[in-house]
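Colleague: Take this sequence and fold it.
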Amino acid sequence: MPTEPDNAQGARAPRLSPVSDAAEAYRLVYHRVATLLRGRDEVGEVVVPACPAWTIRDTLAHLAGAAQDVVSGDLAGVGSESWTRTQINRLGHKSVDELLDLWGGSVGLLAAQMTQGAPELAAGQLIFDVLTHEHDIRGAVGEPGDRTADLTYQVALGFLTTMYDLAFRGSHRVAMRLTTPSIGTVQLGDPDTATDQPVISLSDFDALRAFGGRRSERQLSALPWQGTPPDPPPVARNHAIRPPRHDLVE
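Modeller: Residues are numbered from 1 along each chain as shown. Just a heads-up that it's a prediction; the model follows:
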């Protein structure tokens with residue numbers, strides 16, 4: 001996707017990561033989740049606060065099932081509730097270790113598919129999904145792990161900020177400047193047409209959770225905005241990213 005040069009404030013347009021980075025990021029997330037959960041079948045029925053309709057077993061069934069579906073090309077309704085529900089119905093009876101084995105069996109094939117011509121946007125969306133669910137699971141077991149900048153955040157936030165930029169430019173009303181350690185300062189939306197132009201600096205983890213559908217509108221308003229907090233907070237609402245009704249504290 002074309003990018004724009006840095007502007008006078010040092011901001012740049014969002015950039016999607018190369019698919020080779022996305023493939024490596026996918027392997028990293030799988031390895032971390034497998035290290036966290038291997039041999040812990042007792043946590044399978046723990047409810048995931050970030051996805052209260054799901055248990056950890058359900059979340060793993062989605063991750064393993066999505067990997068299988070992408071590898072097999074079963075992408076009808078990809079990302080929809082019915083697509084994920086089918087995965088959970090298919091695999092949700094399996095143990096934690098069985099689900100990790102099934103997911104692991106698809107990791108190499110999926111990573112290879114990404115590097116053989118997958119669109120950067122689709123690859124970034126996949127990393128955004130798996131990284132989000134890694135932290136959903138970590139929240140459920142109370143083991144936050146490493147929240148500092150790494151390749152997984154760079155890829156996921158590259159996708160997320162690209163989607164926000166497209167949404168804001170489509171509305172012509174909102175623009176935002178966001179700074180995080182892994183992506184620097186990015187300009188989202190067109191500041192020349194927007195009536196509201198909030199500015200914010202966040203950690204990679206907080207940006208992922210805030211703008212990835214894991215913070216309520218009250219929590220979004222309470223973020224460290226420069227100047228007056230925007231009302232309502234800027235959110236690129238679509239079928240996948242919506243603020244939850246209730247606060248999520250992690």
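Colleague: Ramachandran angles for residue 81?
Modeller: phi -60, psi -40 (degrees, to the nearest 10).
Colleague: same check, this time on residue 179
Modeller: Torsion angles, degrees, to the nearest 10, at residue 179: phi -120, psi 130.
Colleague: Per-residue pLDDT of it, please?
Modeller: At residue 179, the model reports a pLDDT of 97.
Colleague: Just give me how far stretch 81-101 sits from the chain centre.
Modeller: Here the centre of stretch 81-101 is set off from its chain's centre by 20 Å, with Cα atoms, centre = their mean, to the nearest Å.
Colleague: what's the answer for stretch 124-142, then?
Modeller: Here stretch 124-142 shows a centroid-to-chain-centroid distance of 7 Å under the convention Cα atoms, centre = their mean.
Colleague: Equivalent analysis for stretch 208-228, please.
Modeller: Put simply, stretch 208-228 sits 15 Å off its chain's centre (Cα atoms, centre = their mean).
Colleague: What residues of it count as buried?
Modeller: Neighbour-count burial for stretch 208-228 flags 208-215, 217, 219-220, 223, 225 (criterion: 16 or more other Cβ atoms under 10 Å). Yep, even glycine has a C-beta here, placed from its N, CA and C like the rest.
Colleague: just stretch 50-64 next, same as before
Modeller: The neighbour-count check on stretch 50-64 (16+ other Cβ under 10 Å) flags 50-51, 54-64 as buried.
Colleague: thinking in terms of the whole chain, how far from its middle is stretch 116-127?
Modeller: Centre-to-centre, stretch 116-127 and its host chain are 13 Å apart (Cα atoms, centre = their mean).
Colleague: list the buried ones in that stretch?
Modeller: For stretch 116-127, using 16+ other Cβ under 10 Å, the buried residues are 118, 120, 122, 123, 124, 125, 126, 127.
Colleague: can you list contacts of that stretch?
Modeller: 1, 16-19, 22-23, 25-26, 29, 66, 70, 79, 114, 152, 155-156, 158-159, 162 (Cβ atoms under 8 Å, 6 or more residues apart in numbering).
Colleague: Okay, and which of the residues you listed map to strands?
Modeller: Using DSSP state E, no member of these falls in strands.
Colleague: Out of those residues, which end up buried?
Modeller: In the contacts of stretch 116-127, the ones that pass as buried (16+ other Cβ under 10 Å) are 16-17, 19, 22-23, 25-26, 29, 66, 70, 114, 152, 155-156, 158-159, 162.
Colleague: Keep only those of the buried residues of stretch 116-127 that are in helices.
Modeller: Taking DSSP state H as the definition of helices, these contribute 120, 122, 123, 124, 125, 126, 127.
Colleague: Can you pull the domain assignment for the chain?
Modeller: For the chain, the TED database gives the domain ranges 19-141, 151-237.
Colleague: mean pLDDT for the ones you listed: which is lowest?
Modeller: Minimum mean pLDDT among the domains of the chain: domain 151-237, a mean of 92.
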